[in-house]
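Novice: Structure, please.
(chains A and B)
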Amino acid sequence: MLISCQDIWKIYRLGDVEVQALRGVSLDITRGEFVAVMGASGSGKSTLMNIVGCLDLPTKGGYWLDGLDVARAGQDELAEIRNRKIGFVFQNFNLIPRTSALENAQLPLFYRGLSLREQRARAASALARVGLSGREQHYPAQLSGGQQQRVAIARALVSAPSILLADEPTGNLDTESSREIMKTLERLNQEDGITVILVTHEKDIAAYALRQILVKDGQVVSDRSGTPHALPLTPHG
Amino acid sequence: MIMGAFLLLTIMTAFRILSRNRLRAGLTMLGIIIGVGAVIAMVSIGEGAKAAVRAQVASMGTNVIIVLPGATTVGGVRGAQGSAVTLTMADALDFKKKIPLLSETAWSKRDVMQVVAGNKNWNVPVNGISPGYLTIRDWSYSSGGPITQVDMDAGARVALIGQTVVENLFELGEEPVGSAIRIKNVPFKVVGVLAPKGQSAQGSDQDDIVFIPFTTAERKVLGTQFLGSVGALFASTDHPEDLPAAVEAIRDVLRARHRLQPDQPDDFTIRTQVDIGKVQEGTSHTLTLMMFAVASISLLVGGIGIMNILLVSVTERTREIGVRMAVGAKRRHILAQFLIEAMTLSLVGGIVGILFGVVGARATTMLAGWPTIISAESILIAFLFSLAVGLFFGLYPANKASRLNPIEALRYE
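Specialist: The predicted structure is shown next:
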């Protein structure tokens, strides 16, 4: 099992008010799955993804990622796990401005202490995998939204992570760019066997995934698997 | 190697960020530039002044001990220093015998007298000296030669004259050596002209002087209360570090010779060139300290400027910090990044400041004629100081950046 969440609770305290963002979520994801996590804003899906992405720790419950007991990790260990096991793709790309595509893609390796030459070689090959060969020296501002998001995917891939965590990756893109990005994620999942967890509220985007998890009021309310093309809202034929 | 790649890239990033906001970086660095520039200029002016004082002190002869008579006390009224006639040439001869630390001893007495050459006259301090005096005081000759022991023994009527005396008694181009002068109507032959020494540390003209043999002075010119009484005793050591021990030895010998009881004060005063130099250096030291205070305030202001701009930068780049944390940056990576940016700012400012300081010091020498010394030491100190300012004032913003919560930082708009 790649991801194993057991009875995860996340409780915030805002003054006197106690907010239960997650109320006993249990979830298993195996290697090579393509999972969509859906839910309205405030449903707790973001909190769940922050914990799965090792950016946050659960208040209660257990989380094992690739055999590592994440729930008991310290801040530096979490950073190390994120660096090696998780690739993030964000809605607003979150590239570092006025920094070349290559250097953006290098970023995770930069904190791993690899030699500069190896960082560059691996970042260049990651950019090639998302179809951005020849754009290594472009700044984010010189790239289209879709291209920027592909740089972000290259940055997520460069450290050869166990999971690619894409949080609303098409939220800021037009339909055509969205399709390209989803095709890229689909290809990485199918050809390279990378586990993809997709957070979205759009049904047609979620339909690319082979498994849909619906979160509501801090709990998983539905978890079903199916081929994407058998779903009623199959996008783009 | 591993840390090297991180450092290299972080430093490169820091430079890129600075070059992106040139005006902002320049304004931020201004405080450091002014502070470091001021330190360099001030220290080089201060060092130059100190060196000038040291040169003046050295011109009076190095490692010199001067013993002056004490004051007389008549009916409770104390006379001026030197009014008592308590020192004799026998004292000096006794030092030489009893204190092996001393390399040379001498004695002198002086009075201002009229000196006449041809139809010109000039009032000048005339010193009756023993030959060792010229060695101790490190006099050399622009022409002729010294007063010798033979002159001394014979009570010869020979004189050495200083440059100022030459200018006042002789025509330009006239050769003083070999010509005759009269001191208090006693004819003397000029045997040497002293090489100029310029002003003393106290501002008196050291070249306005006439030397004659002590014995001649005592018997024929200055007169004396009793034979062998002197105005001052002089001694020198080979090494400056021997001075304190030599001073103590002289005090012991003199107190014994003068039969002073332990409760009686010294009837003489001992001074060294070190004491005289200390007063002078103290003045320039105060000046240096004051300038240092001004420069420190400037560096403080510069440091606060750096802190301010870094806090702005941390806020502007909150999302970037969030991304870096998400992809695996640990606290210490973020801390290092912002510290390096702060130190890059302060270091570039420091280097520009050093350049300004050097130019400022040179300009001071050229325009005001003050001596300045730019030491490698002061440049190194300024360099390290600006590094320290960056480190110190970068710490708070860098720490703030490193403590950001990655989730909140990523969401920051």
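
Novice: rest of the way, CA atoms for contacts and neighbours
Specialist: OK.

Novice: immediately after the helix or strand residue A:82 falls within, which helix or strand?
Specialist: Assigned by DSSP states H and E, residue A:82 falls within helix A:75-85. For helix A:75-85, the following helix or strand on the C-terminal side (DSSP H and E) is strand A:86-89.

Novice: What values do phi and psi take at the nearest residue to residue B:403 once chain neighbours are set aside?
Specialist: What sits nearest to residue B:403 in space, not counting adjacent residues and going by CA to CA, 6 or more residues apart in numbering or on different chains, is residue B:331, at 7.0 Å. Main-chain torsions, residue B:331, degrees, to the nearest 10: phi -50, psi -40.

Novice: any idea which helix is longest in the chain?
Specialist: No chain specified, so I'll use chain A. helix A:175-192 (DSSP state H).

Novice: that answer is for a different chain, and I need it for chain B
Specialist: helix B:273-316.

Novice: chain center to that one: distance?
Specialist: With CA atoms, centre = their mean, to the nearest Å as the basis, helix B:273-316 stands 20 Å off its chain's centre.

Novice: Next secondary structure after that helix?
Specialist: By DSSP H and E, the next helix or strand past helix B:273-316 is helix B:318-326.

Novice: Rounded mean pLDDT for that next one, please.
Specialist: Mean pLDDT, computed over helix B:318-326, is 96.

Novice: Over to stretch B:378-389?
Specialist: Mean predicted lDDT for stretch B:378-389 stands at 89.

Novice: now what about it, what contacts it?
Specialist: Residues outside stretch B:378-389 that contact it (CA atoms under 8 Å, 6 or more residues apart in numbering or on different chains): B:32, B:36, B:39-40, B:43-44, B:299-300, B:303, B:343, B:346-347, B:349-351, B:354.

Novice: which SSE is the residue nearest the centre of chain A in?
Specialist: Central residue of chain A (CA atoms, centre = their mean): residue A:165, 1.0 Å from the mean position. Using DSSP H and E, residue A:165 maps to strand A:163-167.

Novice: which parts of the helix holding residue A:82 are buried?
Specialist: By neighbour count on 16 or more other CA atoms under 10 Å in any protein chain shown, the buried set for helix A:75-85 is A:78-85.

Novice: before we move on, what about stretch A:195-205?
Specialist: A:195-201, A:204-205.

Novice: Pull up the residues of chain A that are close to chain B.
Specialist: A:50, A:55-56, A:75-76, A:79-84, A:86-88, A:94-96, A:107-108, A:110-111, A:113-116 (CA under 8 Å from any CA of the partner chain).

Novice: For the longest helix of chain B, name the packing helices and strands.
Specialist: Packing partners of helix B:273-316 (3 or more CA pairs under 8 Å, 6 or more residues apart in numbering or on different chains; DSSP states H and E): helix B:22-59, helix B:331-368, helix B:376-402.

Novice: Same list (those) but as TSV, adding mean neighbour count.
Specialist: Listed next are the helices and strands packed on helix B:273-316 as TSV, based on neighbours: other CA atoms under 10 Å in any protein chain shown:
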stretch	mean neighbour count
helix B:22-59	23
helix B:331-368	21
helix B:376-402	20
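
Novice: What segments of the stretch 101-250 of chain B are strands?
Specialist: Listed in chain order, the strands of the stretch 101-250 of chain B (DSSP state E, counting those that start in this stretch) span residues B:102-117, B:120-129, B:141-144, B:158-161, B:180-183, B:186-194, B:210-213, B:232-237.

Novice: Find the nearest non-adjacent residue to the residue in the stretch 151-300 of chain B positioned nearest to chain A, please.
Specialist: Residue of the stretch 151-300 of chain B nearest chain A, by CA to the nearest CA: residue B:299 (31.5 Å). Once flanking residues are discounted, residue B:299 sits nearest to residue B:35: 4.7 Å by CA to CA, 6+ apart.

Novice: and if you look at residue B:271?
Specialist: residue B:66 (5.1 Å).

Novice: and that neighbour, how many neighbours?
Specialist: Neighbourhood size, residue B:66 [other CA atoms under 10 Å in any protein chain shown]: 18.

Novice: Ok, residue A:60 next?
Specialist: Neighbour tally, residue A:60, other CA under 10 Å: 16.

Novice: hmm, back to that, and the contacts of stretch B:378-389, which two are the farthest apart?
Specialist: Comparing every pair within these by CA to CA identifies B:44 and B:343 as the most remote, at 25.0 Å.

Novice: show me the residues around the nearest residue to residue B:314 once chain neighbours are set aside that make contact.
Specialist: Leaving aside its sequence neighbours, residue B:314 sits nearest to residue B:401 (CA to CA, 6+ apart; 6.0 Å). Counting by CA under 8 Å, 6+ apart, residue B:401 touches B:314, B:318, B:321, B:334-335, B:338.

Novice: And for residue A:170?
Specialist: A:91, A:177-178, A:181-182.

Novice: Tell me the secondary structure at it.
Specialist: The three-state label given to residue A:170 by DSSP: H, G, I helix; E, B strand; the rest coil is coil.

Novice: and it, what are its phi and psi?
Specialist: The phi and psi values for residue A:170, taken as degrees, to the nearest 10, are phi -110, psi 10.

Novice: how near is it to residue B:266?
Specialist: 99 Å (CA to CA, to the nearest Å).

Novice: was I right about the residue nearest to the centre of chain A contacting residue A:200?
Specialist: No - counting by CA atoms under 8 Å, residue A:165 sits too far from residue A:200 to count as a contact (11.2 Å).

Novice: Compute the number of surrounding residues for the closest residue in space to residue A:194 that isn't next to it in sequence.
Specialist: Nearest residue to residue A:194, sequence neighbours excluded (CA to CA, 6+ apart): residue A:32, at 5.4 Å. By other CA under 10 Å, 17 other residues sit near residue A:32.

Novice: Quick one: residues contacting residue A:32.
Specialist: A:189, A:193-196.

Novice: That one should be in a helix, yeah?
Specialist: No - read with three-state DSSP, residue A:32 is coil and lies in no helix.

Novice: which of the contacts of stretch B:378-389 lies closest to chain A?
Specialist: For the contacts of stretch B:378-389, the nearest to chain A is residue B:343 (20.7 Å; CA to the nearest CA).
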